[in-house]
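Student: sequence and predicted structure, then a few things I'm wondering about:
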Amino acid sequence: MKYIVLLGDGMSDEAVKDLDGKTPLQAARTPHMDAMARRGRIGLAHTVPKGLPPGSDVANLSVFGYDPRTCYTGRSPLEAASMGVQLGPDDVAFRVNLVNLLPTKGTLIMNDYSAGHISTEEGRELIEAIQQQIGDDEFQFYPGVGYRHLMVWRNGKSGMSATPPHDISGKSILDYLPKGEGADKLIYLMNSSQLILNNHPQYRRRLEADKIPANSIWLWGHGKAPKMEPFREKFGLSGAVISAVDLINGIGIGAGLDVIRVEGATGYLDTNYDGKVQAALKALETHDYVYLHVEAPDEASHSGNLSHKLQAIEDFDARVVGPVMEGIRRFGSFRILCTPDHPTPIRLKTHTDAPVPFIIYDGGESDNDSILGYDEDSARASGLVLEEGHRLMELMLEK
């Protein structure tokens, strides 16, 4: 038996007025996911346990089959693992976003949490400049992918609170700066980065190219190294993970899965869908399980771009789900789990902890006429609800 998870990050949503009251999943053309929903099992899963933040870290841990209540320590330690950065027992990792802040009426507005979806090459150039000028034995900056980077505070503080920048788009940052013990040092680093970035040659180049420049870093998502039970010991399966996002790859590394890097995987609409699908099918030749993650729907949601979200969902269906449904048949028996990790409503531009619609499909061809397709309403109408999202993996493996 071969198992594959097809994860469309943030696909789930609310009813949208501009879509005549439909959700993006209902409005988008998704014939492959609709067919799986009618021929498989569809339901809702609560992937974010009560009391935990509705982030991709928590929700994806659940979909991987791990209870976040027992192993979640923060987002950035998982990203550090993906980047090959070793954390000591007292080290604290932080996500570093390259952002654009806009001076407005005596304050600074979070204008763009991704600095115009800055490229990986441009992001590396800036993070290297920051490391050179303000990095030291205590604070070290590491380049990642696109706007997503890493800082490690050696023997650092971990009790402060910090806000994800995509949660405050269009808002003044003053009420959302880090708070608590050690926060003053983080704010100093953020302020120092602004001087570096505003005087970097790239700032002028992006302005002249009519692109949004990075003019600050934003520190958040901190935590210490987690401890996870190896996936093979937990589920008896060998596995691999495919994603453009360090967070997802870091969960895979923590679980002892093979991480497969695909050239051209960007985490947005221009990602290499075909390369990721072919890598996943190739991996199933030697592994029992593959986790294929696509970030684009979530990024479109954070930007509040409805047309991009519809495109991302339709691309996911046409360029990932359809080819996997066809290609996996050569292995004989198989199961596909198709799901978001969490909802990311266009209206809010951030995640919620609402349950997500999932499908488990094993190749059946008999339609259930009571299921119209793959969407939140059909999943709710099925009556199948998993209160603990990490049980999804058990349901997928059920004999």
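Tutor: Great, that's in hand. Numbers count the residues shown, from 1 in each chain.

Student: for the helix or strand hosting Glu394, which helices and strands make contact with it?
Tutor: If you go by DSSP states H and E, Glu394 is part of helix 392-397. Packed against helix 392-397 by the contact rule (3 or more C-beta pairs under 8 Å, 6 or more residues apart in numbering; DSSP states H and E) you find strand 2-8, helix 56-64, strand 334-339, strand 356-361. Using the backbone N, CA and C atoms, a C-beta is placed for each residue, glycine as well.

Student: for the first one, give me every contacting residue.
Tutor: Contacting residues not belonging to strand 2-8 are listed as 60, 63, 237, 248, 280, 284, 288-294, 297, 312-313, 316, 320-321, 324, 328, 331-341, 396-397 [C-beta atoms under 8 Å, 6 or more residues apart in numbering].

Student: following the record's annotation, map out the domains of this protein.
Tutor: Annotated domains of the chain cover 2-72+227-397, 92-223 [automatic domain parsing].

Student: how near is the closest residue to Ile328 other than its chain neighbours to Gln311?
Tutor: Excluding the flanking residues, the one nearest Ile328 by C-beta to C-beta, 6 or more residues apart in numbering is Phe334, at 4.8 Å. From Phe334 across to Gln311, the span is 28 Å (C-beta to C-beta, to the nearest Å).

Student: what's the answer for Gly135, then?
Tutor: According to C-beta to C-beta, Gly135 stands 39 Å off from Gln311.

Student: burial of Gly383, as a residue count?
Tutor: Other residues near Gly383 come to 8 when the count uses other C-beta atoms under 10 Å.

Student: what's the pLDDT at it?
Tutor: Gly383 carries a pLDDT value of 95.

Student: of all the domains of the chain, which one comes closest to Ala81?
Tutor: Closest to Ala81 of these is domain 2-72+227-397 (C-beta to C-beta; 4.1 Å).

Student: now do the end-to-end distance for the closest one.
Tutor: 10 Å (C-alpha to C-alpha, to the nearest Å).

Student: what does stretch 329-338 give?
Tutor: End-to-end span of stretch 329-338 (C-alpha to C-alpha): 16 Å.

Student: quick one: buried residues of that stretch?
Tutor: For stretch 329-338, burial by neighbour count (16 or more other C-beta atoms under 10 Å) applies to Phe334, Arg335, Ile336, Leu337, Cys338.

Student: looking at that stretch now, give me its mean pLDDT.
Tutor: On average, the pLDDT along stretch 329-338 is 98.

Student: what does stretch 73-84 give?
Tutor: Per-residue scores along stretch 73-84 average to 93.

Student: got the contact list for that stretch?
Tutor: With contact meaning C-beta under 8 Å, 6+ apart, stretch 73-84 is reached by 55-57, 86-87, 93-95, 142, 144, 148, 150, 152, 158, 221-226, 246-254, 259.

Student: repeat for stretch 380-398
Tutor: 3, 5, 41-49, 59, 61-68, 235, 335, 337, 339, 355-358, 360, 370-371.

Student: span of that stretch from start to end?
Tutor: Stretch 380-398 end-to-end distance (C-alpha to C-alpha) = 21 Å.

Student: gap between it and the chain center?
Tutor: 21 Å (C-alpha atoms, centre = their mean, to the nearest Å).

Student: would you map the strands across this structure?
Tutor: For the chain, strands defined by DSSP state E occupy the ranges 2-8, 41-45, 92-104, 107-112, 139-145, 148-153, 216-223, 239-242, 258-259, 289-294, 334-339, 356-361, 385-386.

Student: let me know which of those strands is tucked in deepest.
Tutor: strand 289-294 (a mean of 27; mean count of other C-beta atoms under 10 Å).

Student: from Cys71, how far out is the residue nearest in space to the middle of the chain?
Tutor: By C-alpha atoms, centre = their mean, the chain has its centre lying nearest to Ser56, at 4.8 Å. Ser56 sits 15 Å away from Cys71, taking C-beta to C-beta as the criterion.

Student: with Ala312 instead?
Tutor: In terms of C-beta to C-beta, Ala312 sits 29 Å off from Cys71.

Student: when the two are compared, which one has more neighbours?
Tutor: Ala312 (28 against 16).

Student: show the pLDDT at that one.
Tutor: At Ala312, pLDDT is 98.

Student: for Gly65, give its distance to Met396.
Tutor: 8 Å.

Student: if you could redo that for Leu195, that was the one I meant.
Tutor: Note on Leu195: its distance to Met396, by C-beta to C-beta, is 50 Å.

Student: for the two, indicate the residue with more neighbours.
Tutor: Remark: of Leu195 and Met396, Met396 carries more neighbours, 21 against 13, as counted by other C-beta under 10 Å.

Student: go through stretch 170-182 and flag the buried ones.
Tutor: Neighbour counts over stretch 170-182 (16+ other C-beta under 10 Å) mark Ile173, Tyr176, Leu177, Pro178, Gly182 as buried.

Student: between the two ends of that stretch, how far is it?
Tutor: 26 Å.

Student: quick one: mean pLDDT for that stretch?
Tutor: 96.

Student: same thing with stretch 253-267?
Tutor: 95.

Student: so what touches that stretch?
Tutor: Against stretch 253-267 from outside (C-beta under 8 Å, 6+ apart): 64, 66, 78, 81-82, 120, 145-146, 148, 226, 228-232, 234, 239-245, 249, 252, 271-272, 275-276, 279-280, 283, 287, 291, 295-296, 299.

Student: let's see that with 7 Å instead.
Tutor: The contact list for stretch 253-267 (C-beta atoms under 7 Å, 6 or more residues apart in numbering) reads 64, 78, 81-82, 145-146, 226, 228, 230-232, 239-242, 244-245, 249, 252, 271-272, 275-276, 279, 283, 295, 299.

Student: give me the distance between the two termini of that stretch.
Tutor: 19 Å.

Student: mind listing what's buried in that stretch?
Tutor: Under 16+ other C-beta under 10 Å, the buried positions of stretch 253-267 are Ile253, Gly254, Ala255, Leu257, Val259, Ile260, Val262, Ala265, Thr266, Gly267.

Student: of those residues, which belong to helices?
Tutor: Within the buried residues of stretch 253-267, membership in helices is found for Ile253, Gly254, as judged by DSSP state H.

Student: alright, that wraps it up for me.
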